[in-house]
Every structure is written in structure tokens, then in C-alpha cells.
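Asks: Sequence and predicted structure, then a few things I'm wondering about:
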Amino acid sequence: MDMTGEYRIPAPREAVWKALNDPDVLKQCIPGCEELEKKSDTEFAAKVTAKVGPVKAKFGGNVKMSDLDPPNGYTISGEGSGGAAGFAKGGAKVALKDDGGATVLSYTVNATVGGKLAQIGSRLIDSTAKKMANDFFGKFAEIVGGDGAAAAPDAPAAPSAEAPPTAGPTAALEAGRPAASTPEPVVKKGLPVTVWVGGVIVALGILMWLFA
Amino acid sequence: MTATGIGASVKRVEDFRFLTGRGRYTDDIERPNQTYAWILRSPHAHALITSIDTKKAAAAPGVVAVFTGADLEAAGVGGLPCGWQVHSKDGAPMAEPPHPPLAQGKVRHVGDQVAVVVAETREQARDAAELIDVGYEALPPVLDMESALAGKSLVHDGAARNLCYDWHIGDKDAADAAFAKAAHVTAIDIVNNRLIPNAMEPRAAIGDYDTATGEYTLYTTSQNPHVIRLLMGAFVLHIPEHKLRVVAPDVGGGFGSKIYHYAEEAIVTWAAGKLRRPVKWTAERSESFVSDCHGRDHVTRAELAMDKDGRFLGLKVSTKANMGAYLSTFAPCVPTYLYATLLAGVYTTPQIYCQVQAIFTNTVPVDAYRGAGRPEATYLLERLVDRAARETGLDQVDIRRRNFIPNDAFPYQTPVALQYDSGDYGATLDQAMGAALVDGFAKRKAEAGKRGKRRGLGYSTYIEACGIAPSAVVGSLGARAGLFESAEVRVHPTGSVTVFTGSHSHGQGHETTFAQLVSGALGIPMENVDIVHGDTGKIAYGMGTYGSRSLAVGGEAIMRALGRITDKAKKIAAHILEASESDIELKDGQFRVAGTDRALGFAEVALAAYVPHKFPHETLEPGLDETAFYDPANFTFPGGCHICEVEIDPETGEVEVVAFTAVDDVGRVINPMIVEGQVHGGVVQGIGQALLESCIYDEDGQLLTGSCMDYTMPRAANVPNFSVGTHTTLCRHNSLGVKGCGEVGAIGSPPAVINAIVDALWDVGVRDISMPATSQKVWQAIQSARAPMAAE
């Protein structure tokens, strides 16, 4: 499936960066997230228990970043298998930009799932992914923006109507292979590594929900 | 005809237990100290297995053992055998790649077996399977047959271009010559959609091992337990037959999908011996979708040559048949000897040439499904004839009548190997047209038009070959088994009878129909007759139930054994009655000296056979128990005419089957009610294929129609009340004159439905519609047809 979306986080970019770099925050935002571990500047490992429809499984996955283009965006990709539930792989292009005192995050997700996830959940994936993205940003905005703040989906997550319904509803994103490439520290180029890391985790979260 | 003999609509005796929850299915069986197996299946369509770590799973609560392909290989477990070898047109044998019960190094379809966990409970086995860490290196899958033939990725290293065989039948030069003199040639491209069987009872298997006797028992959901014993014992587990018993108890539907020897049967049997404990496996529904063999999946180009009067001169067919990832038990014969041999249909086409390429893909294996090859042939031919009529301006009925094999032509030798023994196609068509009220169709169509609906009428005049099969013939064509059937009729001392048949019943009603044969032949009440099937420990031998063979082959074996029983009983009666054997007649359960009032009841003769005080010991042995093996002289050839009437809402594309008429020639009818039921079920499956069912894989080889939410089975609301009748001509080579009725509904109906849709939409400009004709597809076809008109 393919899905695009854009969220306006009612917080200055500095605050967003900080939150995005805070594993505790991210763990709170990702439903079912049990572990979130930074392996390197471009690599994270996560464990998420997720249930979609009739399929429930624990997914552990590695995610890597590539196409680093600070401060405009990057691509994250991940791959993992959820045991008997199947596997998931995919990627997301994520961009952050200032918007007055707020931050706009936009993403394009492409994901495929396999095994029981695809077999049982293909018809549920689009709506599930949309809901999960909204849940994540809602929680994220609540934490980052403080009381009364809420993430505003500028453009509601829009699953592509033409995308083949390949993705299943269960959390599948999981254990991909550790990414080997480690780009130069992006801090020097302008965008702090924390932003990268945070963005990746947001995207990872989206992916995980897609798969979940 | 007696109240319970041949021709009586006796209510099915087995239904009481089924309807009251007293059926005993494989999963109902609990063995002492039983364990449960869970199969870990591949989520990938095509991948190398780089590693399997089972340590965590083995240490999980309740786990007894975890096995992988390496364990089976180390134990010398063989691959699943294929029961039919087809040769390519160059004489080379088909590619026959190994089919390990658990994958060895590579997985080839989503659902391929990777490992098995055996635990104290099913839930523990399932939970532990989550802990198995399998490393996969994904390979590009091949899914459609064209790209498979391009060979960019190979399902099996030993099958170049993913080709299993390239086979042909008929005289190509003669067919070309026929086309050269044709006044008109009609060509059509046909896809026969892949189907997922969905028997009501999922597959299940229990392996058991007796440490005292060294005997294995397999309880399994099979249509043919003796065949499973032969294949699994001899080729996979190397267990001699006297140490292997296979029991197929009540089985909730098969439709072909339970003919084959499946990996799970071998896995639980082997594991039971290894662990010295019973091992049970029961499929979940979603597991059935990716592990039961699928059906159909042909892509075909066909051309029909006609003279100026619409008489068929020649037929050329080129078919690609999807085998899936492995060769299932009977897969190779389905698109060849059960398909191309039926391409004459009911017509006198003098020259037929057919080429079939069987192709491996990264999909679930494909094998016989209700009709097996014959629905594919019928669909192709009846769609082609329909199109030929429209192109030449002939009437749908007229073009068929012009080409029917006439009644005086039987036995009729077709150009594609078969010899039909009997049929009456013109009269069958007449009867169906009468029942379908064809005369009033124009009026109904006009009335529907006023309501904004489009109404169409579609025909299918079909033939099939069943009563499978003469062993010598199929042996010469590559079958690795005989296709006879056995029966034992055991008369007990007080006159009740047990029949042991090798023909398994899983919905067909054998316990009723076969008991009717006995009741009719011996003149005893049906309540005194039991039919036993499905247990190699009880029945001498059997080839099982498929290809509408039960009555024509299994029933005939029973008749032969019954003949031996009555012959012997007459001798005993003659001795006791001090009469000549030739004067003894059996009527209404009495052995009577003809023309006298001296008689013995059936039970008295039975008792005399077991208490042989007054008995012709010098010429007869005691007892009354006879066995017969019957090998048929030919196939049988049921046929018929199906007429479908549809109404289409052009605004939504929704197709409603408003009437469906089936007049079938199934030979002599033993139980009309059961025949009707079989036709009803078959027609529903045919309508399901025509309108609703389609197995869809995505480009990665993931099964998208993997549950009953996404794979549309027909429901009661999708079908009308059927008008069902029979027009009988007797089979000429079995004593009952029966032909078989199990598959006619599924074979004859799909083209009738689609021809009706094309008929309804022809004036709109729609020229073709493929199965399944979903409302979306029909709506789009209408829109596409209207678009150019709108532009004009």
C-alpha cells in the first residue's frame, strides 16, 4: 500500500526535535511499543506488540535511514518478520519544516506485508494505517505541545486508491537486518542528528502501525 | 422397484448423525496421551532459507519437539510422490521436482511448510511456533504463467523455463488442413479462474503408533485412505502396508481437495513414531487457503473452423496450465487426459489438436477440483460455440443441433482418444428447453427491459468422462495406479449384511445408495444393511472417491459381489430344498423353488451357511462372504444441457441468476433425491466460479483472497431454485447402466451462466466477460462498450 500524510505539530521545531529524540516519548506514542533502542546514528531496534483483526504478534525490527538530506528530509526503510504472523517491509520519505511557531511533518509511506498479515488483513490495512498515524500524532502532539495542543492533520492520511492492497493489518514491522551504512554525522551539515533520529522513529512508528 | 431398491428416493440414512452433531470427524477423535502439531508456514512466495533457529521454541512451555526439513531428511523421509507421469510431445518425461514434506533450503509458495512444533496443547504449539527464527533471503517470485515461461526466476532448478511438460494430443497437420478449407474461423481467449476449494471441514490428521505391535495408524480427512496408505507407506515413510492403517472417518466434503497425499499426513505419522505419542494436526481455515490444493487456473487460446453451413471442421487449442509450486498427487493428468480428451464435447468435430504447457509458479499447488479438467474443456468449448453462433448468425440452439453426435453414431470414437458409449443429445436439449420455458423468453426479456434490466439466456450442452477408469488404459497414459474398485459383501449368520467398499463417502450418500443396491438385489430391508468405508484395517482395498466413480465403479463392484452371494445362496437353498439350483429364484428375500410354495427366507439360508449342518460340503465351503474387484471397460459419459437465465442491472452490473435448468443424463438413477442434491451442489459451485470466486495473488505472491472475507463463496441468495431433471440413456458397459452424477453440475453450469451474461449484453456491445463476472467487472464492460458508441 501507499499512503501520504502531513501533520502540523503545534510546537517549535526545537521542541519537536527534542521529543523526537526522546525514546521515552516515542515509546509512549507508539502503541504497543515495548522496547526502543538506538543502535547507531542511523539505526534503531524496536519491539512492538500489535494486534490487527485476528492477527496478534510481537514484532522486533531494525530500521535504517538513507538519502539523508538535512534539513529537508530522508528515507527510512525497515524489514522484519513476525514469525507465524508474517513479515513486513517498507519505507517512508519524511520531511520536516518550520511553519511559523509550529512544525510540519509530511510523509510518504510505502509498505508491503506477507504471510498471514497479507492473507487476513489486506482489506484492513488502509484504514488501520490511517488510524494508527492519527493516534501517533495525537499522542505526540499532546506530549510535545502540552495540554490543549493537538496535532492537526493538514491533509488527512490518504491511502492511495490505486495501490494494491498488499498490506495487512497486523504489526509486522520487525526485525530487519541492521543497516550497515553510517553517514557522516548530519549535525555538521545543519540538521542535528536528533532530528534524524526522531524523524526516523516517527516513520518507524507509522510503519509499525501500518503493520500492526 | 422396491420401496428401498433402485429408483427409490430414500432419505439419506447418514444425515441423522450429521444433522444431530453425531458425525465423527478426524478432529473429533482423541487418542490417549495425544499431542498437537502446529505447522510453521512460509510467509514468502519464494525465498532461500538461510537459517532456522528452533532453540527458543523447543524450550517453550509444553513443547515436546520441534522438527524441520533437516530432521526429516536425516530420518530418511522421502518426498511426496506424484501419481501420474505425463510425457512431453518430444517424448521426454515431465519435470518432476522433489516435494519435501518440510521445506529443505527453499520455500516456493506462501504457506509452504517450514517446521512443525509438537506440544501438549494446540495453543502451546502455536505459541512456540512464534519463537522459531527463520532467516529468509527473498527471491523474485514467478506468478503468472507467461513470465514463468520466460524463466527469469526458477521455482525448481530442475525445471528449465519452469516448464513441467509440453504435451499435445491429436493430429496437428490434419487440423491445419481442416482450417485451410474453413469458411469461417472463430477464435476466443479463455481464462479459467483459479479456485480455492473450501470444503466445510478443514483438513486434519492424527498420527498414532502402537509400541506393542509396531503398527502406525493415520486418521485423516481423505477421499481415498488406501491410496494414502500406498503413497505414504511406500514412498514417504517406508512403512510396509501391514504395519500401516489409514482411517478416513466422516469427512466433511472434499471436492477433490482431499484426494491428495499431503505433507501433514506424513509429518504427524512420522512424528508419532518418533515421539511414541499420538500427534494431531487440524488446519485452521486460513491455513486451508494456503495449503489445500487449488483448482483450475488455465489460460487458453482456442480456434474453431466451420464450413459455410456452420458445421465444425476442426478445433485447435493451446493451453497453459498452472501447476503451482509442486506437483500434487494427480495434477499432471488434469490439464491433459481429463481435459483435452473432452474437447470433442457432444459434437462431431472431425479434427482436434490441443497443446498443453504445464507450468510451475510460486503459488499453492493446483490439482483436481470438482470436475477436474472437464469443466475447463466444457467452458472453453461452450463459450467458443456460443461465439461461433453469434459470428455466423446462427441460432444458439441451431448451431449445436447441426453438430451433435447423432444417436445412431454410438459407440462414437472421438479424434481425441475417447469412445462414447451412449447419449441422446438432441432429446436432452429439447427436454431442457421445455423445462426452461425458452418459448417465453422473448416476452420475459421485453418485460425486464421495461424495468431497465437486461435479460439473457445461455446454453451449455456438455459431456464429461467419469467412472474413472480402465486401469490398462490409464496405465498406458501415465497413471501410476490402477483405478478399479473393490467390494466385500459379508452376510452375517442371521441375515444382516455388511458391505465393505473401497469407495469413500464424504457427502455423496454412499451409505444410502449402496444400501439400496443391496436391498434391491437381496430383497432385504435397508436397515439390515451397513456400508463400511474409509478404513484400510477393515476394507481389502480401494481406490477411493473422485471423478464421479463411486457408483459406476464402486457400485458395480458391489453388484458383482452381490451376484456371487446370490449364486452361492441359491446353491445352499437348492441343497436344503432338495431342488435343482436352476429352479431356485430369489424374490422379495425368499429363495423359492420356481412354481412351488417351497421357500427359504434369506436369513435361513444365511444361517445355514454358518451352521452348516445340512450343507453341500462336497461342493461348497461354509460362510457367505464374497469379494469382487471391478475394473471398468471404459469411462462413462454423463452429459446434459444446462440453460441459465440472468437478469442484469446495467446501472450496477449486478447479475442475478433468475432461473437455472439442468437436464442431465447420468445413466440409470438409483436415488433421484441424491442425484438432485448432487446436481444442486455442483451447479452452486459452477455459479460460484462464474460469478464470485477468484483466487488472487499480488505481485509478490501474497494471497490476497486468503479468507472468507475476501474469497467469495456462493451463498443461498446467489442462486435461484433450480429446475433439475434427467434424460436417461444407459451406460452400456456396466450392469447398472449408471454413469455418475457428482460433477455434472460443476462442469455444465459455468459456460451457461457466462453465455447468458454475454447474451444479455451483446446488444450493448459487450463481446466477452471473464469469470468471475462480478458486478464491478460487468459494469465496467458495459461502460467500455458504451464509451465508443457515445463518442460516435
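Replies: Nice, thanks for sending it over. Just so you know, these numbers come straight off a predicted model, no measurement behind them.
Asks: can we go C-alpha only for contacts and neighbour counts from here?
Replies: OK.
Asks: what comes into contact with the strand or helix carrying B:Ala608?
Replies: Under the criterion of DSSP states H and E, B:Ala608 resides in helix B:602-610. Contacting residues not belonging to helix B:602-610 are listed as B:491-496, B:522, B:524, B:569, B:572-573, B:589-591, B:614-615, B:622-624 [Cα atoms under 8 Å, 6 or more residues apart in numbering or on different chains].
Asks: repeat that for 7 Å
Replies: Residues outside helix B:602-610 that contact it (Cα atoms under 7 Å, 6 or more residues apart in numbering or on different chains): B:491-495, B:569, B:572-573, B:589-591, B:622-624.
Asks: do stretch B:614-633 as well
Replies: B:469-471, B:483-491, B:553, B:556-557, B:560-561, B:564-565, B:572, B:575-576, B:606, B:609-610, B:612, B:733.
Asks: what about 8 Å?
Replies: Taking Cα under 8 Å, 6+ apart as the rule, stretch B:614-633 contacts B:467-471, B:483-492, B:553-554, B:556-558, B:560-562, B:564-565, B:568-569, B:572, B:575-576, B:606, B:608-610, B:612, B:733-734.
Asks: before we move on, what about stretch B:173-181?
Replies: B:185, B:305-307, B:313-316, B:351-353.
Asks: can you give me the mean pLDDT across it?
Replies: In this model, stretch B:173-181 has a mean pLDDT of 97.
Asks: right, and out of the contacts of stretch B:173-181, which lies closest to B:Ile670?
Replies: B:Ile352 (35.6 Å; Cα to Cα).
Asks: Look up how far A:Gly101 lies from the closest one.
Replies: 79 Å (Cα to Cα, to the nearest Å).
Asks: who has more neighbours, these two?
Replies: Taking other Cα atoms under 10 Å in any protein chain shown, B:Ile352 and A:Gly101 do not tie; B:Ile352 has more neighbours (26 against 10).
Asks: Could you tell me how many residues sit around the closest residue in space to the more buried one that isn't next to it in sequence?
Replies: Sequence neighbours aside, B:Leu315 is the residue nearest to B:Ile352 in space, at 4.7 Å (criterion: Cα to Cα, 6 or more residues apart in numbering or on different chains). Neighbour count for B:Leu315, taken as other Cα under 10 Å: 29.
Asks: Restricting to C-alpha, output the helix or strand hosting B:Leu315 in PDB.
Replies: In the assignment (DSSP H and E), B:Leu315 maps to strand B:312-324. What follows is strand B:312-324, C-alpha atoms only, in PDB (Å, rounded to 0.1, in the frame of the first residue of the first chain):
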ATOM      1  CA  PHE B 312     -17.400 -27.800 -37.300                       C
ATOM      2  CA  LEU B 313     -14.400 -28.900 -39.300                       C
ATOM      3  CA  GLY B 314     -11.600 -28.500 -36.800                       C
ATOM      4  CA  LEU B 315     -10.600 -27.300 -33.400                       C
ATOM      5  CA  LYS B 316      -7.200 -26.000 -32.300                       C
ATOM      6  CA  VAL B 317      -6.500 -25.300 -28.700                       C
ATOM      7  CA  SER B 318      -3.400 -24.100 -26.900                       C
ATOM      8  CA  THR B 319      -3.500 -24.100 -23.100                       C
ATOM      9  CA  LYS B 320      -1.200 -23.000 -20.300                       C
ATOM     10  CA  ALA B 321      -2.000 -24.800 -17.100                       C
ATOM     11  CA  ASN B 322      -0.700 -23.700 -13.700                       C
ATOM     12  CA  MET B 323       0.700 -26.500 -11.600                       C
ATOM     13  CA  GLY B 324       1.600 -24.200  -8.700                       C
END
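Asks: Okay, now the unreliable bits of the chain?
Replies: Went with chain A since none was named. Applying pLDDT under 70 to chain A picks out residues A:1, A:17, A:20-21, A:51-55, A:70-73, A:80-81, A:83, A:146-212.
Asks: my bad, the chain I had in mind was chain B
Replies: Judged by pLDDT under 70, the stretches of chain B that qualify are B:1-2, B:788-792.
Asks: Just want the angle from the longest helix along it to helix B:602-610.
Replies: In chain B, with assignment by DSSP state H, the single longest helix is helix B:556-577. Angle of helix B:556-577 versus helix B:602-610, following axes from the mean of the first three to the mean of the last three Cα atoms, to 10 degrees, is 80 degrees.
Asks: Heading C-terminal from helix B:556-577, find the next helix or strand.
Replies: Helix B:556-577 is succeeded, C-terminally, by strand B:584-587 (DSSP H and E).
Asks: Quick check: next helix or strand after that next one?
Replies: Criterion used, DSSP H and E; the element after strand B:584-587 is strand B:590-593.
Asks: which other residues reach that next one?
Replies: Contacts of strand B:590-593 (Cα under 8 Å, 6+ apart): B:523, B:570, B:573-574, B:577, B:579, B:583-586, B:598-602.
Asks: And the longest helix seen in chain A, what does it pack against?
Replies: Ranked by residue count and defined by DSSP H, the top helix of chain A is helix A:125-145. If you count contacts as 3 or more Cα pairs under 8 Å, 6 or more residues apart in numbering or on different chains; DSSP states H and E, helix A:125-145 packs onto strand A:2-9, helix A:13-20, helix A:23-29, strand A:152-159, helix A:193-211.
Asks: Run through who's touching the shortest one.
Replies: When you say that, I think you mean helix A:23-29. Contacts for helix A:23-29 (Cα under 8 Å, 6+ apart): A:19-20, A:33-37, A:135-137, A:139-140, A:143, A:201-202.
Asks: ok, residues contacting the next helix or strand along the chain from that helix?
Replies: Per DSSP H and E, the first helix or strand lying C-terminal to helix A:23-29 is strand A:33-40. Surrounding strand A:33-40, the residues in contact under the criterion Cα under 8 Å, 6+ apart are A:23, A:27, A:44-49, A:182.
Asks: Just send these back as CSV, with neighbour count too.
Replies: Formatted as CSV, the contacts of strand A:33-40 follow (neighbours: other Cα atoms under 10 Å in any protein chain shown):
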residue, neighbour count
A:Pro23, 17
A:Lys27, 19
A:Phe44, 22
A:Ala45, 23
A:Ala46, 23
A:Lys47, 21
A:Val48, 26
A:Thr49, 20
A:Thr182, 13
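Asks: Mark which of those residues are part of strands, please.
Replies: A:44-49 (DSSP state E).
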